[in-house]
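Student: For reference, the sequence and a predicted model appear below.
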Amino acid sequence: MHDRRWPTYANREVMLEGAADEDPRGSLRVRDGEGRVFLDAIGGIGCTPLGHAHPAWRAAVDRQLGRLVSVANTFWTQPQQQLATRLTDLFCVPHARVFFCNSGTEATEAAIKLVLRATGRDTIIAFDGAFHGRSLGAVSLTANPHYRAPYVTTPEDGEASRFASARVLRLPFDDVDALRDAFRRHGPSIAAVFVEPVQGESGIFPCSRAFLCEAREQCDRHGSLLGLDEIQSGSGRTGRWSAWQSIVGDEIQPDLLWLAKALGGGFPIGACLATESLAEHMSPGSHGSTFGGNPVACAAGVATLRIMEEEGLLECAAAQLPALRALAEATPLAGVAEIRGVGAMIGIQIGQRSEKAGNQVARHLAESGILVTVCGGHTIRLLFPYRVGHAELETVWQAIGAALVTRG
Ligand code: PLP
């Protein structure tokens, strides 16, 4: 069949139709039009933490669809205020206020505007391997030139790149010394450090606690802001509401943090949380989004967080990586170089550092009824629904083993 979409996505040529099971805890499987069933190990690239068609989530969305679908953001709605309150209670940004949008990229964009306005400075530190989105602001912070060129100029080594009125200073990831050095040299111009506590797109790389603590300390010392892109790692995926909490704990906090993906349980929504004093730098017209904070999306978000709590899903998410490691220890696979991640954000690096190797394994898995994607070229990315346990992980592990044997 001819794909009528822009050719912006690698095409696995599978036409998905619906959830495969009617399960009160959400379906872990999807089916295509020909009746083939797939274990969804990528979960909409991290957007279906409850699985597919979770009945309680659907009921909440249906209820809101029947009440009110869209309003101008000059008016309040209950789902919006409820979700903002829940986010403020659960996440690690003290006394947060929330800007709602529709995607991860837009959440990054809101964060960029906020830190530039709040500090009056022009430089944002971002890291090698970072992925912050694809709008022109967000893609300027993204590291991979494959995404950035030809929209944003690639700087000479050591130089900052520019976008709009800002500069991006790119540093090696998880490198405490490079961070200290950048603050020593550029401190007064640094508006913010933007970091994914667990990098997703580059291959699932968690930051060390030492690095995140150093980032907090340097920002405090130089009057800069610490912003966390938790679009992929947040909303419970690592076993805490934010990956920051999984890695650093609760004693120190970021100034702002942004979410998307899992937050809506599959419904499009993004949110940027900032401390009250920071948020006050914005004023009517300084930013906005017609659909941002849509009542149906917010009701989906409220239901998602409630179900995660009621069903103990964060604890389940936390257990995924240890369960996979135990499987790998019991049945090692020669072609797997490393398993990385936190909780339900897992990367399985295929031995040969080649994109072809990763894609071959992913294609083989799809043929065996398992959906995954590849990140960082040669790493199989698992972003399962949170309740997934030993059985599904074992299915994936065995299928990777078979794929590696087939590939030779
Ligand atoms: N930031 C991170 C860490 C992401 O993982 C992504 C998406 O993969 C984005 C930003 C962009 O989000 P979206 O695709 O919803 O615009």
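Tutor: On my side now, so go ahead. Residues are numbered from 1 along each chain as shown.
Student: By proximity to the ligand, which residue of this structure wins?
Tutor: Proximity of the chain to the ligand (C-beta to the nearest ligand atom) peaks at Gly104, 2.3 Å away. C-betas here are computed from N, CA, C, even on glycine.
Student: Tell me where this structure has helices.
Tutor: Counting by DSSP state H, the chain has these helices, from start to end: 43-46, 55-67, 78-90, 104-119, 136-141, 145-148, 176-186, 209-222, 243-247, 276-279, 295-310, 313-330, 355-367, 390-407.
Student: can you redo the ones you listed as TSV with distance to Pro268, mean neighbour count and mean pLDDT?
Tutor: Compiled in TSV, these are given as follows (distance: least, C-beta to C-beta, whole Å; neighbours: other C-beta atoms under 10 Å; pLDDT from 0 to 100):
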stretch	distance to Pro268	mean neighbour count	mean pLDDT
helix 43-46	10	20	95
helix 55-67	12	16	98
helix 78-90	14	19	96
helix 104-119	10	24	97
helix 136-141	16	22	90
helix 145-148	20	13	85
helix 176-186	34	15	98
helix 209-222	29	18	98
helix 243-247	21	24	98
helix 276-279	23	16	96
helix 295-310	6	23	98
helix 313-330	21	18	98
helix 355-367	25	18	89
helix 390-407	26	18	93
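Student: Make a markdown table out of those and add distance to Ile348.
Tutor: A markdown table is the format used below for the helices of the chain (distance: least, C-beta to C-beta, whole Å):
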| stretch | distance to Ile348 |
| --- | --- |
| helix 43-46 | 16 |
| helix 55-67 | 29 |
| helix 78-90 | 30 |
| helix 104-119 | 23 |
| helix 136-141 | 27 |
| helix 145-148 | 22 |
| helix 176-186 | 27 |
| helix 209-222 | 23 |
| helix 243-247 | 19 |
| helix 276-279 | 38 |
| helix 295-310 | 25 |
| helix 313-330 | 8 |
| helix 355-367 | 9 |
| helix 390-407 | 7 |
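Student: Run through the residues that contact Ser202.
Tutor: Asp128, Gly129, Ala130, Phe131, Ala143, Asn144, Phe173, Cys375, Gly376 (C-beta atoms under 8 Å, 6 or more residues apart in numbering).
Student: from those residues, which would you call buried?
Tutor: Neighbour counting by 16 or more other C-beta atoms under 10 Å classes Gly129, Ala130, Phe131, Ala143, Asn144, Phe173, Cys375, Gly376 among the contacts of Ser202 as buried.
Student: The ligand next: which of those residues are close?
Tutor: When contact is defined as C-beta under 6 Å from any ligand atom, the buried ones among the contacts of Ser202 meet the ligand at Phe131.
Student: Most widely separated two among the buried ones among the contacts of Ser202?
Tutor: By the measure C-beta to C-beta, Phe173 and Cys375 form the most distant pair in these, at 14.4 Å.
Student: What sits closest to the residue nearest the centre of the chain if chain neighbours are left out?
Tutor: The residue lying closest to the centre of the chain (C-alpha atoms, centre = their mean) is Gln232, at 1.0 Å. Take Gln232 and drop its neighbours on the chain: the residue closest to it by C-beta to C-beta, 6 or more residues apart in numbering is Gly200, 3.9 Å away.
Student: related to what we said a few turns ago, just confirm the residue of the chain closest to the ligand contacts Gly133, I think it does.
Tutor: Yes. Counting by C-beta atoms under 8 Å, Gly133 is a contact partner of Gly104 at 5.6 Å.
Student: where's Gly369 relative to Ala72, distance?
Tutor: Distance check for Gly369 against Ala72: by C-beta to C-beta, to the nearest Å, it reads 46 Å.
Student: same question, Arg240
Tutor: Relative to Ala72, and taking C-beta to C-beta, Arg240 is found at 35 Å.
Student: So which residues on the protein come close to the ligand?
Tutor: 103-105, 108, 131-133, 196, 200-201, 229, 231-232, 260.
Student: let's see it at 5 Å
Tutor: Ser103, Gly104, Thr105, His132, Gly133, Glu196, Gly200, Asp229, Ile231, Gln232, Ala260 (C-beta under 5 Å from any ligand atom).
Student: residue contacts, the nearest residue to the first one once chain neighbours are set aside?
Tutor: So that's Ser103. Of all residues not flanking Ser103 in the chain, Gly270 sits nearest, at 5.1 Å (C-beta to C-beta, 6+ apart). When contacts are counted by C-beta under 8 Å, 6+ apart, Gly270 touches 100-107, 231, 258-260, 263, 292.
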